[in-house]
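S.K.: Let's see this in three dimensions:
(chains A and B)
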Number of protein chains: 2
Amino acid sequence: MFQKLPSFQRLVRKLQKVPFLASKNLYKVAIYFLTQDAEETHKFCDTLMQAKKNIKTCLRCYNFTESLDGICSICGSDKRDKSIICVVETWHDLFAIEKIGDYQGIYHVLGGTLCPLEGIGPDDLNIESLFKRIDKTTQEIIFATNPTPEGEATSSYIACKLSDLNFKLSISKLASGVPTGSSLEYMDRITIHKALSGRRPF
Amino acid sequence: MFQKLPSFQRLVRKLQKVPFLASKNLYKVAIYFLTQDAEETHKFCDTLMQAKKNIKTCLRCYNFTESLDGICSICGSDKRDKSIICVVETWHDLFAIEKIGDYQGIYHVLGGTLCPLEGIGPDDLNIESLFKRIDKTTQEIIFATNPTPEGEATSSYIACKLSDLNFKLSISKLASGVPTGSSLEYMDRITIHKALSGRRPF
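M.R.: Residues are numbered from 1 along each chain as shown, chains lettered A, B, ... in the order given. Modelled structure (predicted):
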């Protein structure tokens, strides 16, 4: 019955591309837009296009920013310790660390991980710009890539390149082990192995 | 950290209103739009506004239509039996019945159910227009409202009003009982009661 509703079909196809929208709900979301006020849909599109226009990535760390100078609120803050750079894969990871409110250093968003099988090499990530940021004032690089094969390969690659630089840098990575509140019983072998080999004095 | 990203906040607030988008995924969907090509986002908005502009409700049955004459493909089809009108609550219910491919009559979409507690009375639904559609050629009205208190109250209200019309109409409603593939063990009392009282000769 959709042959006669080409605009509807086109809308559903566009919604199909939106992540986290289950395919069983696509029609319902399409109908939500079709049955709301035209004014409201117009505002939705307007907000989307405005956000798209205003939000850029920070010229230094590739975090999102709306500042006209192109520098994000973290890089531009006087309260942050510019000598510590935390390297994360995506903005989601930056946000996860920011939420705890503990970390006082700055960030560098790589924009993904190395993945030769998908053709993602060092030039496709913000790696070169990380090397350019590092100077005499930089004291520590913390790798906060995810503990996946790709995440670990990416941090290993960068750490290896960093050792070629003529700066005295302390290079660290997030501790790997059993997460708080979980049970050893349900942990996989590699997690327990890492928790054991990375054990700390009581 | 969002105080410095007002456009981002506005976008997330708009996405909050979209049904079937879990709040934990709102940021990810916002970032999907922010990181895709501007051209792609523009096309998305364009498709949405076009659909909004082109798709109307059928002048007869309130199904969706894109025809310039304002009549949907079902009402406009020569193959459908115009003497049988199936009354449904929403377009989702119409779609559910259309999918089985069996029903050859036409529809009437009420646009919801009566719900005095929420202030939805007969004038807020497409009830009056149903009465206006019924003429000498109409033979049967099938109520396919959902078997909820509101759905049943709505069909009872309309059925009661229909009996005042001077037409010989056969009025029916969907059978209520144990759905195919389910187990009696897990059915509620009312469903079993209805299945029993509505039993049919073998």
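S.K.: how far away is the most centrally placed residue in chain A from chain B?
M.R.: With the centre of chain A defined as its mean C-alpha position, the nearest residue by Cα atoms, centre = their mean is residue A:90, 1.3 Å away. According to Cβ to the nearest Cβ, to the nearest Å, residue A:90 and chain B sit 8 Å apart. (Each C-beta comes from the backbone N, C-alpha and C, glycine too.)
S.K.: dump the residue contacts of that residue.
M.R.: A:109-112 (Cβ atoms under 8 Å, 6 or more residues apart in numbering or on different chains).
S.K.: Kindly identify which of these also come near chain B.
M.R.: With the criterion set as Cβ under 8 Å from any Cβ of the partner chain, no member of those is near chain B.
S.K.: Tell me the one of those nearest chain B?
M.R.: Out of the contacts of residue A:90, the one with the shortest distance to chain B is residue A:111. That distance is 9.0 Å, counting by Cβ to the nearest Cβ.
S.K.: ranges for the strands of chain A?
M.R.: Using DSSP state E, the strands found in chain A span residues A:56-57, A:64-65, A:81-88, A:105-109, A:140-143, A:170-173.
S.K.: Redo those as a markdown table? Include mean pLDDT.
M.R.: Written out in a markdown table, the entries for the strands of chain A read as follows (pLDDT from 0 to 100):
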| stretch | mean pLDDT |
| --- | --- |
| strand A:56-57 | 92 |
| strand A:64-65 | 92 |
| strand A:81-88 | 94 |
| strand A:105-109 | 95 |
| strand A:140-143 | 93 |
| strand A:170-173 | 90 |
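S.K.: Please identify the most buried of those strands.
M.R.: Here the criterion is mean neighbour count by mean count of other Cβ atoms under 10 Å in any protein chain shown, and of these the winner is strand A:64-65, at a mean of 26.
S.K.: Can you work out which other helices and strands pack against the lengthiest helix in chain A?
M.R.: When chain A is parsed with DSSP state H, its longest helix is helix A:38-54. Other helices and strands packing on helix A:38-54, by 3 or more Cβ pairs under 8 Å, 6 or more residues apart in numbering or on different chains; DSSP states H and E, are helix B:6-16, helix B:26-35, helix B:38-54.
S.K.: If you tally nearby residues, what's the number for the closest residue to residue A:45 other than its chain neighbours?
M.R.: Closest residue to residue A:45 apart from its sequence neighbours, by Cβ to Cβ, 6 or more residues apart in numbering or on different chains: residue B:45 at 3.8 Å. For residue B:45, the tally of surrounding residues (other Cβ atoms under 10 Å in any protein chain shown) stands at 19.
S.K.: List the contacts of residue B:45.
M.R.: The contact partners of residue B:45, taken as Cβ under 8 Å, 6+ apart, are A:45, A:48-49.
S.K.: try it again with 10 Å
M.R.: A:14, A:41-42, A:44-46, A:48-49, A:52, B:33 (Cβ atoms under 10 Å, 6 or more residues apart in numbering or on different chains).
S.K.: By mean pLDDT, which helix or strand of chain A comes out lowest?
M.R.: Sorting the helices and strands of chain A by mean pLDDT, DSSP states H and E puts helix A:189-197 at the bottom, at a mean of 85.
S.K.: Could you give the separation of that one from the chain centroid?
M.R.: Using Cα atoms, centre = their mean, to the nearest Å, we find the averaged C-alpha position of helix A:189-197 to lie 26 Å away from the chain's own average C-alpha position.
S.K.: Could you list the residues in contact with it?
M.R.: A:147, A:175-179, A:182, A:184, A:187-188.
S.K.: how about 7 Å then?
M.R.: In this structure, residues lying in contact with helix A:189-197 by Cβ atoms under 7 Å, 6 or more residues apart in numbering or on different chains are A:176-178, A:184.
S.K.: residues of it that come out buried?
M.R.: Neighbour counts over helix A:189-197 (16 or more other Cβ atoms under 10 Å in any protein chain shown) mark A:191, A:194-195 as buried.
S.K.: Tell me the residues on chain A that lie near chain B, please.
M.R.: Those residues of chain A that sit near chain B, judged by Cβ under 7 Å from any Cβ of the partner chain, are A:1, A:4-8, A:10-11, A:14, A:18-22, A:25, A:28-29, A:31-34, A:38, A:41, A:44-45, A:47-52, A:54-55, A:64, A:66, A:73, A:91-92, A:95, A:98.
S.K.: Now, of the residues you listed, which are buried?
M.R.: Neighbour-count burial within those applies to A:4-5, A:7-8, A:10-11, A:14, A:18, A:21, A:29, A:31, A:33-34, A:41, A:44-45, A:47-49, A:51-52, A:54-55, A:64, A:66, A:73, A:91, A:95, A:98; the criterion is 16+ other Cβ under 10 Å.
S.K.: For residue A:151, give me its contacts.
M.R.: Contacts for residue A:151 were tallied using Cβ under 7 Å, 6+ apart; they are A:89, A:113, A:145.
S.K.: Can you give me the pLDDT of it?
M.R.: Model confidence at residue A:151, given as pLDDT, is 92.
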